[in-house]
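# Quick one: sequence plus predicted model below, questions after.
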Amino acid sequence: MIIDVHRHLIVKGTVQGSYIRGAQKSFVMMYNKARNTSYSPHDFTEKIIRPQIDPTADNIIEEMDAAGVDKTVIFPVDYGLLFGEAPIHAFDQNKLYAEVAKRHENRLIAFMAIDPRRPGALKHCEQAYHEWGMKGFKLHAGVGYMPDDPCCYWVYEKATEWGIPVMCHTGGAPNSTPALRWECSRPAYFASAAARFPETDFIFAHCGDIGWWQEAIQAAVWLPNVYVDLSLWQKPYIKWPKKRFYQWLRDIIDLAGADKIMFATDALYPNLMCPLADWVQAFKNPETDFEFSDAEIDLILGGTAQKILGLQG
Ligand SMILES: [Zn+2]
């Protein structure tokens, strides 16, 4: 089974204007560098992003079918306390994701994005879990809290009680006004939280990103409840010599174990640079002299995620 554990829907009204204006400068720069194009931020948004808007996620299912991906975990990001509320309130965004997951019941799994400091957050999450069937938390601490701050403890406690994982953004962030705080997304701070809550499963999204991957892997090596996802690593995959990428993959498997590593995309943006089917093939049919056992590849592509998501069988 192939599972993408990290993806976002492209839906109007889910992202604040102040975030888009800054972030699109970062994203168009990355896209242009990866594809050797020269889109302006405006053209990038109009020509590349806008056609991807689909509140039903039917386009995602099509893309998954073509690439052989069985299931995908989807979630919004709760930026509201930093940038101001998006046209669709954060709580309603979670509901929208839950409804889309219901529309594609055997294919999509929805996590709830929450800023733990939000008034009414616990009550909302109880409803999202019990009534809407949401299967995990998503934290983006870059909006301004430290992951090991007591304001987050209720999330970790509920995740333990409900037996669901906490997806944590670790790594960089684009331009924005006000600025996202990079230091809050360092794996070390999430590791401190994971050490304090050993019964809670933590997924370090983006495996710490290109700057902090060693810190993320260090946490996965030391802490039985820390996992990493490989979203955003499409760029090193397409830009580095293959030998270097697969040396890196071999290293993180040897250090942390394939049972700590999960296939992921962070679509949409990374899929524009490296199509989903190519990213799957990077693991299924690695073009390299480095050796990867079938068992290791099976774990990374879906086995590890099956265990974390409680999808045994
Ligand atoms: Zn993401």
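Received the coordinates, thanks.
# so what secondary structure elements neighbour the strand or helix carrying residue 138?
Using DSSP states H and E, residue 138 falls within strand 137-139. Under the contact criterion of 3 or more C-beta pairs under 8 Å, 6 or more residues apart in numbering; DSSP states H and E, strand 137-139 touches strand 112-113, helix 153-162, strand 166-169. Just so you know, the C-beta spots here come from the backbone N, C-alpha and C atoms, and that holds for glycine as well.
# go again using 10 Å as the cut-off
strand 112-113, helix 121-130, helix 153-162, strand 166-169, strand 202-205 (3 or more C-beta pairs under 10 Å, 6 or more residues apart in numbering; DSSP states H and E).
# elements contacting the second one?
Contact here means 3+ C-beta pairs under 10 Å, 6+ apart; on that basis helix 121-130 packs against helix 90-103, strand 112-113, strand 137-139, helix 153-162.
# Kindly recompute the last result at 7 Å.
The contact analysis (3 or more C-beta pairs under 7 Å, 6 or more residues apart in numbering; DSSP states H and E) places helix 121-130 against helix 90-103, helix 153-162.
# mind putting those helices in JSON lines, distance to residue 6 included?
What follows is these, written out as JSON lines (distance: least, C-beta to C-beta, whole Å):
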{"stretch": "helix 90-103", "distance to residue 6": "13"}
{"stretch": "helix 153-162", "distance to residue 6": "17"}
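# Of all these, which one is nearest residue 253?
Nearest to residue 253, of all the helices and strands packed on helix 121-130, is helix 153-162, at 26.1 Å by C-beta to C-beta.
# then that closest one to PDB, C-alphas only?
The C-alpha coordinates for helix 153-162 follow below in PDB (Å, rounded to 0.1, in the frame of the first residue of the first chain):
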ATOM      1  CA  TYR A 153       0.200  20.000  26.300                       C
ATOM      2  CA  TRP A 154      -3.500  19.500  25.800                       C
ATOM      3  CA  VAL A 155      -2.900  18.600  22.200                       C
ATOM      4  CA  TYR A 156      -0.400  15.900  23.100                       C
ATOM      5  CA  GLU A 157      -2.600  14.600  25.900                       C
ATOM      6  CA  LYS A 158      -5.600  14.300  23.600                       C
ATOM      7  CA  ALA A 159      -3.500  12.700  20.900                       C
ATOM      8  CA  THR A 160      -2.400  10.100  23.400                       C
ATOM      9  CA  GLU A 161      -5.900   9.500  24.700                       C
ATOM     10  CA  TRP A 162      -7.400   9.200  21.200                       C
END
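# quick one: buried residues of stretch 140-149?
Going by neighbour count (16 or more other C-beta atoms under 10 Å), the buried part of stretch 140-149 is 140, 141, 142, 143, 145, 146, 147, 148.
# That one spans what distance, first to last residue?
Start-to-end span of stretch 140-149 (C-alpha to C-alpha, to the nearest Å) is 13 Å.
# For the lowest-mean-pLDDT helix or strand in the chain, list every residue counted as buried.
Comparing helices and strands within the chain by mean pLDDT, DSSP states H and E singles out helix 17-35 as the least confident, with a mean of 86. Buried residues in helix 17-35, counting neighbours by 16+ other C-beta under 10 Å, are found at 19, 20, 22, 23, 24, 26, 27, 28, 30, 31, 34.
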